[in-house]
Every structure is written in C-alpha cells, then in structure tokens.
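> what's the 3D shape of this:
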Amino acid sequence: PGSCRSRMCPDMRTSQVAAQAHAPDPVGGAPRVWIIDEEWGDVTFEADLVRQAFPSAQVLHSGYAHEGDLASFGRTCDLVIAQIYADLPAEVIDQLDNCRGIAVMGGGFDRVDVAAAARRGIPVTNVQGYCAEDIAQYVLTAILLDAKTPVTAVAEDGRPRPWGLQAYPTLPTLVAGRALLVVGYGRIGRTVGARARGIGMQVLATDPHVDAQAMAADGVEKVEWDQGFSRADVVSLHCNLGPGTRGVVGAREFALMADHALLINTSRGAVLDEDALVGALQAGDIRAAVLDVVTTEPPTHREPIFHTPHVTLTPHVSYVSYESISELRTRCVRNALAMYAGQVPTDCVNADLLPGPALACVAPHEWKE
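Have a look, this model is predicted:
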C-alpha cells in the first residue's frame, strides 16, 4: 500500500517472520531487545515482529548517543538490533552481560567490534546480498548515463540546441565492449557483473577468495589487482570495509587507471583514499567518479570531495527500493530472533571467531558484500 511505502514499513505478515525464525515458545521467555537506530526513526515494524514471537518482550529504541540507555537497559538486554551507523566498540560490547546476538540492519558492519563480540560468545549478523539488484541497477545507470549523457533539445540557458548530430559537442562511445573491473566478487559484485555482461561489457574481477574457475563459469575473467586497474574502462567497488580494505584503492591504483576511466563506489567510503581520489580527479589521472558513499557519514558537506570537479555524489541510496528495505528489515529481525534461540544464522560475520563449532553458519569474508 502507498501509505506503507511512504513510511518505509514493509507490508508483510509478522507471524510468518516469527515462525521462520524458529523462536522458542513465547511463554518460555521474554527477551529484552535494544534497538539502536536513527535511520528509520520509526522502529514499530521491528518491535512488532519481536512481539509477535514474544508478546511480553521488552523493546527499547535508542539513538546513537545511548550511554544512559546502555547503563539502564543495554547491560541486561538479550539482543541488540543496530543500524549500520551505530558505534558498538569493545568498550560497549564488554558491558553487554546477557547479550545473545547483535543484528546489524545493513550489509556493512565496520562499526561493530566483531572480535570483541566473539570473545564474549556473541554472534554478529549483517544482511548479506539483500540489495544486489538495486546496486546493480545503480552501477549500470551510472555507466549508461556517463556514456550517453542525456542531451535536451533546449539548453540550460534556454536556447535551443542544434538538431541532430551537432547537438553533441563530443561524440559518445558505446558501452558494449568496455571493460568493467569488479573489485570484490561476492553476491553484489557477481550480480553487477552479470548485468554488465547483459549489455555487452567485458567483465573483469579481482577477489583473493574466489578462484578463476568460479568466475569463468559466470563468463568473468579473474585478474590480478594491478592488471585489473590498468585494463579497466570502469572500476566498481564492492568490498566490505575491514582492516584489509581500508584505503585499499588510492594513488597507486589511480596512477594505473586510464585517464578516460570512470570509478564507481557503492561499498563504503573508506575503502577509497578520498584525498588521493580528489588529487587524481584534479590532475586528470582519471576522468570521473560516481560515489554513493563517502568517508565521513553523515558528511558535513564541507569535505573536499564535495567540491571536486567530475564527481557525482548521491546520499547513500544505491541500495534503496521498497523490496530491498522490506527484505532488510525482515531478515535483520529474523537473524536476531534466531540468535535468541541459540542458532547461528547464515548471515553471521564472526562465526570463525566464536568459541566452539558454528555448524549452522556460513561465514563471509570481508571482501564479500
């Protein structure tokens, strides 16, 4: 329904979600659930899902400045449901005395100290691959708009343009045949590659955890890091942010890229060396960048990247559609309820660090988003 869409509140049966979470008998427990969020504003949907499984559950909604709520509620909560911008460092996690799981509302989990959580036996989940089609559409839209910028019949100054060929000051070139480098070949990177191949692009990919045979089965060529950047007409970043990927694309990579190349980032701003990108664009080392994420989020808009030529910036919305937000919010709560039941969801990101076997979990690595 339109009203539901405008509230970003998925229209689905909460009882079905609760059943799929395999939650314990509601009579047998009443979890304390701490929701930390300023993105949705209204977390009624999440609270309703929890209470569908556990009618007596206590649910507290906090903003990102939550010190008081941590002391009065968080220390004894059973579950944390946290927006991706909520900081959960070790000093916070070490105070979660009863916590059975931390469910992050998004693909990124770089603001959660997953190792500290594992030391306390707390699984951490994100929501993997939920927006793969949205990201793929964003990336392809960026490529197509860059290749054939719409030329209106009337210019911005109100004067009519020449009709026909002369309307283009510079002739555009076809997208088909261009080389796209996908950095991070997880679920989202794989979907981007498949859609790019569908419009005739040559797809290269680099990911240390995916072998060449698996990529070849998708019609994608695995390349070494330097080779990929030097061959690409377009580079699209799809790696999670972690110790091994912070600032991983910087001045060295921009020097390898062709001066006509386009860079697209929909992963996390900090995987780029933003200062180096500003320098590369100013020097003409690469032609343009399309960024849905920046290093500081939310930004002040005073950062140099906002005042750099040949950059298109969108406000971290590449993942957004009614369908993706519905899946995100539902799966996040489902993960939380499963962890309360003692299960390790397949979305767990620290299963390899947890004490004892985590047989129910397939843990991703930091390159896969």
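
> which residues touch residue 314?
290-292 (C-beta atoms under 8 Å, 6 or more residues apart in numbering). (C-beta placed from N, C-alpha, C; glycine too.)

> next up, phi/psi of it, please.
Main-chain dihedrals, residue 314, degrees, to the nearest 10: phi -120, psi 150.

> ditto for residue 173
Backbone dihedrals for residue 173, given as degrees, to the nearest 10, come out at phi -120, psi 160.

> count of residues packed around it?
Neighbourhood size, residue 173 [other C-beta atoms under 10 Å]: 12.

> ok, back up a step: make JSON lines from the contacts of residue 314 and add neighbour count to it.
Listed next are the contacts of residue 314 as JSON lines, based on neighbours: other C-beta atoms under 10 Å:
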{"residue": "290", "neighbour count": "24"}
{"residue": "291", "neighbour count": "24"}
{"residue": "292", "neighbour count": "22"}
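
> give me the subset of those lying in strands.
Judged by DSSP state E, those include 290-291 as members of strands.

> how about CSV for the contacts of residue 314, with distance to residue 67 and pLDDT added?
Listed next are these as CSV, based on distance: C-beta to C-beta, whole Å; pLDDT from 0 to 100:
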residue, distance to residue 67, pLDDT
290, 38, 98
291, 33, 98
292, 31, 98
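
> residue 118: which of the contacts of residue 314 is nearest?
residue 292 (30.1 Å; C-beta to C-beta).

> wait, the closest one sits on residue 316?
Yes - judged on C-beta atoms under 8 Å, residue 292 makes contact with residue 316 at a distance of 5.7 Å.

> ok, the nearest residue to residue 350 once chain neighbours are set aside - contacts?
Leaving aside its sequence neighbours, residue 350 sits nearest to residue 114 (C-beta to C-beta, 6 or more residues apart in numbering; 4.0 Å). Residue 114 makes contact with 124, 349-350, 353, according to C-beta under 8 Å, 6+ apart.

> just the ones in strands from the residues you listed, please.
The strands, defined by DSSP E, take in residue 124 from the contacts of residue 114.

> can you give me the helices for the protein?
2-6, 14-20, 44-53, 67-72, 90-93, 114-119, 132-147, 187-198, 212-217, 225-231, 251-256, 274-283, 322-340 (DSSP state H).

> so where's the stretch 1-150 of the chain uncertain?
For the stretch 1-150 of the chain, the stretches flagged by pLDDT under 70 are 1-28.

> hmm, 90 instead?
1-30, 39-41, 67, 108, 148-150 (pLDDT under 90).

> verify the contact between residue 270 and residue 295 for me.
Yes - counting by C-beta under 8 Å, residue 270 does reach residue 295; the two are 5.1 Å apart.
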